[in-house]
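# sequence and predicted structure, then a few things I'm wondering about:
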Amino acid sequence: MEQNKQPSGQPRKPEQQPRQTYRKQSQPKPPQGRRPQPKKKQQPNLRLALAACVLVAVVALVVIGLVACNSGQKAPLTIDPGTSAGAWAKNDAGYYFNSDGEPILAATKKGIDVSKYQGEVDWEKAQAAGIDFAMIRCGFGSEWNGTGDYAQDDEQWRRNADECTRLGIPFGTYLYSYATTEEQAKSEAEHVARLLGLVAPPHEGLDDYTATPYQLSYPVYYDLEDKSITGLYPDEMAHLTEVFFDRLKELGYKGEEGIYASINWTRGRLTDPAFDRWRDNFWIARFNSALGYTGPYSIWQATYTEPGEKYGVQSDTVDVDFVMEELTFTGIKATSKDILPSLTNDTYKNELWLPKAKATATLLTNEPSESEGGQKIFWSSDNEDVATVNKHGEVKAKADGTCTITATLADGRMSADVTVRVGAFTIPVYVTGNLQGLTEGEEVGLADIAALKAGSEDSILVDAGGSLQGTARASLTGGMDMTSAFAAAGYDLQAFDASDMAYGTDRLLSDVMTATGPSIASNLYTTENEALLARSTSWSRNRISNGMNTIVEEAGKKIGFFSLASIGNSAQTKELTAADLALAASEQVAALQAQGADAILCIAGPDTDISGIYADLADLGVTAVLDAGATANSTAKANGIAVVAAGSGWDSVGCLNLTFAADGSMTAEPASMNAADLKSARGSYTTAQQTAYDSAFTSLQSLADGDEDVRSQTLFTFEANESADKTISFANYAAALYLAYADGDRANCPQDAADLTVTALAGGITELDFGDVTRGALCDAVPAGQRLVLARTTSAAIGALIDTGTVTRTYEESLTAFEPTDGDALVVTDTATLEALEQAGGSYTILRDYGDVFWDIRMNINDVTNNFANPFTLPEAPQRGAGRK
């Protein structure tokens with residue numbers, strides 16, 4: 001519910017969008033006192049006393065009979081929700097329905113949330129429309145400090161709160177937060193406290209509510225969604241939330257506390273244990289037919305498209321919310337002499353692991369016991385050969401396998417499932433690397449990788465680096481094409497090496513936002529001594545990474561990852577330093593062990609040789625290495641560490657099978673799948689795999705279609721230089737730019753090459769047409785997908801290449817013939833031209849890498865045209881010296 005709204009007047013729709021139960025509390029039974037015994041001398045009352053005893057006995061028998069009758073229920077009732085009364089409406093049977101016409105069984109109350117963007121609400125009409133409660137924005141941001149011309153109270157707060165109070169409509173409130181410091185969080189709490197009437201205004205000009213403080217029936221919600229707070233780590237965000245509510249309590253607030261967030265933020269950020277204080281009072285926004293969330297929460301914001309007029313609001317549409325009373329699993333009770341069972345909930349599903357046959361665990365739920373006023377729970381197993389469950393929720397393993405245990409309330413309205421696994425299980429970790437800008441190879445593509453991952457519910461998918469650059473299509477979007485493609489295929493994380501810096505580190509930080517999982521380069525640091533990818537966000541800013549390590553949880557196990565990268569000869573990393581590999585590994589392993597990792601995997605980038613620290617990794621307790629520098633998948637082990645080759649590009653995909661045995665031990669075995677096997681697997685896909693393949697294929701095709709749109713976008717206008725008698729060619733311009741890169745980088749050139757002559761050669765350049773130049777036109781005019789490099793070769797090899805007439809020098813140098821000298825020389829050119837030099841019999845050694853050619857040229861034109869605001873013109877040809885006309 002952002003402050004900036006859509007044209008319809010609605011709060012801006014969160015990326016995707018939670019629940020505390022307002023379940024009626026069971027009333028404790030009054031204590032049953034002993035009936036006084038009559039004294040013997042009161043003989044006249046004996047008959048009355050006996051009659052009373054008989055009456056009590058009869059009543060007791062009736063009660064016992066009723067209880068016996070109730071406890072004799074053999075199965076949950078079969079509910080009949082009736083027919084839908086329309087989207088988000090309640091029918092005569094008392095059930096709400098979603099936009100697909102399906103009953104929302106957990107919904108018990110319906111409300112709307114409003115702010116100034118809904119205008120003056122006709123609350124009597126809203127009440128008549130069937131709302132049971134309201135969430136009212138009180139304001140946004142900090143309290144006014146008395147200076148400046150702004151106040152951040154919601155303009156309709158007083159009227160909305162007064163009307164709901166008058167009509168007896170229960171309501172809660174929310175404040176849209178911008179806080180990134182403790183001071184700001186405290187000020188936001190002071191803002192809310194004044195608006196609730198708990199404190200007087202700190203300055204003149206602010207409304208005073210202390211005469212009639214508001215009584216809330218629902219919590220104060222802290223609205224966490226603004227872009228300004230996306231750079232906070234979850235524990236930092238939780239700390240500021242705590243500061244906010246603690247200050248609010250200091251100011252006299254005694255009600256409940258809650259958090260509003262989208263479902264993606266809830267899953268990507270609020271899973272941190274630091275948020276446990278508010279977990280039961282999550283208000284989660286997801287605009288869909290179902291929330292699809294198995295964690296605790298209280299309210300679901302289900303839609304933002306309900307007609308405003310229907311509810312008496314002045315905006316075109318309004319948000320609709322539901323109080324949800326889900327049946328959820330809260331934990332297990334288990335005793336064991338060896339390996340304890342485990343219950344996990346990733347908010348998508350519940351999983352119970354039992355190590356072996358005869359192991360037991362009792363499932364616990366949030367439903368009060370029958371003696372406390374709750375309902376009886378009926379338990380069932382869909383495969384009693386694997387596990388059984390008794391009436392108390394005790395699950396007993398029978399044999400290895402998987403089954404589903406279901407808990408259903410006696411009235412049949414709510415149920416909850418848990419997947420039970422018995423025995424050993426395997427978590428496959430699939431790893432790609434060196435894809436070099438290709439979303440598909442000759443036989444298979446990322447859709448096949450998506451299907452491969454879907455073959456196991458517990459699989460993890462990783463890219464080990466070297467994949468962002470290498471094709472014209474990748475160059476066009478600066479790496480975003482590949483990170484978006486990773487998201488389409490369901491990658492859990494990606495690591496980066498020097499070769500992935502081809503578009504610059506700033507661009508990399510922008511690109512990774514389109515990925516779904518975190519991005520890491522553990523040992524690369526900026527000049528501020530911060531990890532390169534620290535505070536990088538992904539999944540449209542819904543997740544944040546420390547840039548050094550991450551935990552992926554599958555099947556109740558925590559699999560830890562860190563990566564080791566090198567700077568190599570990349571000039572794009574000149575602002576970076578690479579920490580010692582062994583030292584970095586030691587720090588990251590310690591961090592992952594502190595997080596309780598069950599296995600720790602080291603990712604080695606394609607430019608990074610870690611063979612010298614295998615022994616160190618083994619001593620640290622690293623489970624395996626995923627090596628993008630290895631091109632042959634192997635089952636070989638070094639120093640007891642499994643090494644998975646991940647550098648074969650589209651020829652094969654590496655795999656590490658992590659098997660967790662019933663006795664608590666774990667094995668790690670490398671494997672691989674070649675392209676032919678991946679292709680042939682299409683004929684035997686499971687339903688889940690086919691769905692994953694089709695979904696990824698569609699998304700990848702959409703990306704390809706989007707690239708065509710990007711190609712057609714005008715980048716700049718190319719005009720003739722009217723003030724010049726003669727200009728250099730576009731190829732001369734490219735060569736001059738290449739030379740400028742080399743000259744500006746002299747200090748980083750190896751000492752034995754520092755005095756060698758540098759020749760700039762522009763190959764694969766075509767001249768631009770005057771007029772609007774699109775991204776695609778520029779991409780076609782340069783060797784897109786290639787890298788600009790400085791190489792050491794021989795002067796004779798450079799001369800031979802120039803003589804072919806396929807390359808262009810700078811304008812000044814082109815006025816005289818190239819005269820080879822004896823010995824070595826330096827050439828700065830693109831990698832395709834270097835290959836031509838090698839094919840002509842020359843040899844070379846790359847000394848420096850200046851990144852993607854298209855990106856280098858594009859960004860230079862951007863600089864000389866003031867961000868493409870001015871026309872691009874070619875420089876005037878020199879008229880003096882060697883370039884005299």
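That came through, no problem.
# for Ile427, what are phi and psi?
Taking degrees, to the nearest 10, you get phi -110, psi 110 for the backbone angles of Ile427.
# next one: the residue lying closest to Ser729 once chain neighbours are set aside from Glu370, what distance?
Once flanking residues are discounted, Ser729 sits nearest to Glu767: 6.3 Å by C-beta to C-beta, 6 or more residues apart in numbering. No exception for glycine: its C-beta is placed from N, CA and C like everyone else's. Per C-beta to C-beta, to the nearest Å, Glu767 is found 85 Å from Glu370.
# more neighbours: the two, which one.
Glu370 (15 against 10; other C-beta atoms under 10 Å).
# hang on, the earlier thing: distance check, the residue nearest to Ser729 against Asp780.
In terms of C-beta to C-beta, Glu767 sits 12 Å off from Asp780.
# can you name the residues that contact the closest residue to Gly255 other than its chain neighbours?
Nearest residue to Gly255 in three dimensions, chain neighbours excluded: Leu216, at 5.1 Å (C-beta to C-beta, 6+ apart). Contacts here follow C-beta atoms under 8 Å, 6 or more residues apart in numbering; on that basis Leu216 touches Phe171, Gly172, Thr173, Leu196, Gly255.
# any idea which element Leu216 lies in?
Under the criterion DSSP states H and E, no helix or strand holds Leu216.
# and the pLDDT for it?
pLDDT, Leu216: 99.
# can you check Gly146 too?
86.
# next: Ala668.
Reported pLDDT for Ala668: 95.
# next: Gly568.
Confidence score, pLDDT, at Gly568: 89.
# what's the closest non-adjacent residue to it?
Ala498 (3.7 Å).
# so the one you found makes contact with Ala571?
No: using C-beta atoms under 8 Å, Ala498 is not in contact with Ala571, being 10.1 Å away.
# those two: which has the busier surroundings?
Ala498 (25 against 20).
# now do the contacts for the more buried one.
Per C-beta under 8 Å, 6+ apart, neighbours of Ala498: Ala565, Ser566, Ile567, Gly568, Asn569, Ser570, Thr573, Gly605, Asp607, Thr608, Asp849.
# state the distance from the third one to Trp353.
Just to be clear, that refers to Ile567. To Trp353, Ile567 is 43 Å away according to C-beta to C-beta.
# among these two, which residue is more densely surrounded?
Trp353 (24 against 19).
# now that one: phi and psi?
According to degrees, to the nearest 10, Trp353 has phi -110, psi 130.
# from Gly556, how far out is it?
5 Å.
# overlap in contacts, those two.
Listed as contacting both Trp353 and Gly556 by C-beta under 8 Å, 6+ apart are Ser342, Leu343, Thr344.
# care to break this protein down by domain?
Each domain of the chain is listed here as a residue range: 107-324, 329-422, 425-707, 716-883, per automatic domain parsing.
# would JSON lines of the contacts of Leu216 with neighbour count and distance to Ser289 be doable?
Shown next, in JSON lines, are these (neighbours: other C-beta atoms under 10 Å; distance: C-beta to C-beta, whole Å):
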{"residue": "Phe171", "neighbour count": "22", "distance to Ser289": "26"}
{"residue": "Gly172", "neighbour count": "23", "distance to Ser289": "25"}
{"residue": "Thr173", "neighbour count": "25", "distance to Ser289": "28"}
{"residue": "Leu196", "neighbour count": "23", "distance to Ser289": "35"}
{"residue": "Gly255", "neighbour count": "16", "distance to Ser289": "32"}
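# re the thing from before, overlap of the contact sets of Ala498 and Ala571?
Residues touching both Ala498 and Ala571 (C-beta under 8 Å, 6+ apart): Asp849.
# can I take it that Asp822 is in a helix?
No: counting by DSSP: H, G, I helix; E, B strand; the rest coil, Asp822 is not part of a helix but coil.
# can you pull the phi/psi pair for it?
Dihedral pair for Asp822: phi -70, psi 150, per degrees, to the nearest 10.
# what are the ranges of the strands in the stretch 151-300 of the chain?
171-176, 220-223, 257-262, 282-285, 299-307 (DSSP state E, counting those that start in this stretch).
# would you turn the ones you listed into a markdown table with distance to Ile861 and mean pLDDT?
Converted to a markdown table, those look like this (distance: least, C-beta to C-beta, whole Å; pLDDT from 0 to 100):
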| stretch | distance to Ile861 | mean pLDDT |
| --- | --- | --- |
| strand 171-176 | 41 | 99 |
| strand 220-223 | 43 | 99 |
| strand 257-262 | 39 | 99 |
| strand 282-285 | 42 | 99 |
| strand 299-307 | 42 | 98 |
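# of these, which stretch is the most buried?
Burial of those is given as mean neighbour count (mean count of other C-beta atoms under 10 Å); strand 282-285 ranks first at a mean of 30.
# same for that one, what does it pack against?
strand 257-262, helix 263-268, strand 299-307 (3 or more C-beta pairs under 8 Å, 6 or more residues apart in numbering; DSSP states H and E).
# send me that strand as CSV with only the CA atoms.
The C-alpha atoms that make up strand 282-285 are tabulated as CSV, following Å, rounded to 0.1, in the frame of the first residue of the first chain:
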residue,chain,number,x,y,z
PHE,A,282,1.4,-10.8,9.6
TRP,A,283,-0.9,-9.0,7.1
ILE,A,284,0.1,-10.4,3.8
ALA,A,285,-0.8,-9.0,0.4
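# what strands line up against it, and which way round?
strand 257-262 (parallel), strand 299-307 (parallel) (DSSP bridges).
# out of the ones you listed, nearest to Met480?
strand 257-262 (22.5 Å; C-beta to C-beta).
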